[in-house]
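**Student:** okay, sequence plus prediction incoming.
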Amino acid sequence: MIRAFQPADAAQVMEIWLAGNEDAHPFVDPAYWHSHAAEVRGQLSEAEVLVYEEEGAILGFIGVQGDFIAGIFVRREARGRGIGKCLLDTVKAKHPSLTLSVYRKNNRVAAFYAREGFAVVSESIDPETGEAEQTLCWQ
């Protein structure tokens, strides 16, 4: 079931966020993600966050700020089950266009978004990590 984020979900969501970033970005020092966790936790109440829940366990979530997807994260053991696509489809139904950023080295995620109709509109260097990133857009 997909539902709106509740404050009581924060611990599970942050666990998924941290593990997901470490898994997807082995080229970024894990200390970077740990140093940003408090900031991200604070932004959960400021963004549109939807969670995918089964039997009381949160298996994934998507965060959106305006028309910008801040991220889609799925618990490691639940990946490959279509949860990310389900979350994305729910957000697509509410927004006529969406943008997001993805590290160029994150091939698996870039391929997912390409399959979902996103196209690269620009490239830049993330000043905090020094990594190349792409801005993708869907309409």
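**Tutor:** Sure thing, it's come through.

**Student:** the helices in this protein, which residues?
**Tutor:** Taking DSSP state H as the criterion, the chain contains helices spanning 10-24, 30-43, 83-92, 107-115.

**Student:** the lengthiest strand in the chain vs helix 10-24, what angle?
**Tutor:** For the chain, the strand with the greatest residue count under DSSP state E is strand 57-65. Here the directions of strand 57-65 and helix 10-24 differ by 80 degrees (axes from the mean of the first three to the mean of the last three CA atoms, to 10 degrees).

**Student:** in its sheet, which strands sit next to strand 57-65, and in what direction?
**Tutor:** Here strand 57-65 has these sheet partners by DSSP bridges: strand 48-54 (antiparallel), strand 68-74 (antiparallel).

**Student:** just want the angle from that strand to helix 83-92.
**Tutor:** Angle, strand 57-65 to helix 83-92, by the same axes, to 10 degrees: 40 degrees.

**Student:** and the contacts of stretch 57-73?
**Tutor:** 5, 9, 12-13, 16-17, 20-21, 43-44, 46-53, 74-75, 78, 81, 83-84, 87-88, 90-91, 95, 97-100 (CB atoms under 8 Å, 6 or more residues apart in numbering). The way it works is simple: take the backbone N, C-alpha and C, and place the C-beta from them, glycine included.

**Student:** pLDDT of it, averaged?
**Tutor:** Averaging pLDDT along stretch 57-73 gives 95.

**Student:** what's the span of it, first residue to last?
**Tutor:** Distance across stretch 57-73, first residue to last, is 14 Å (CA to CA, to the nearest Å).
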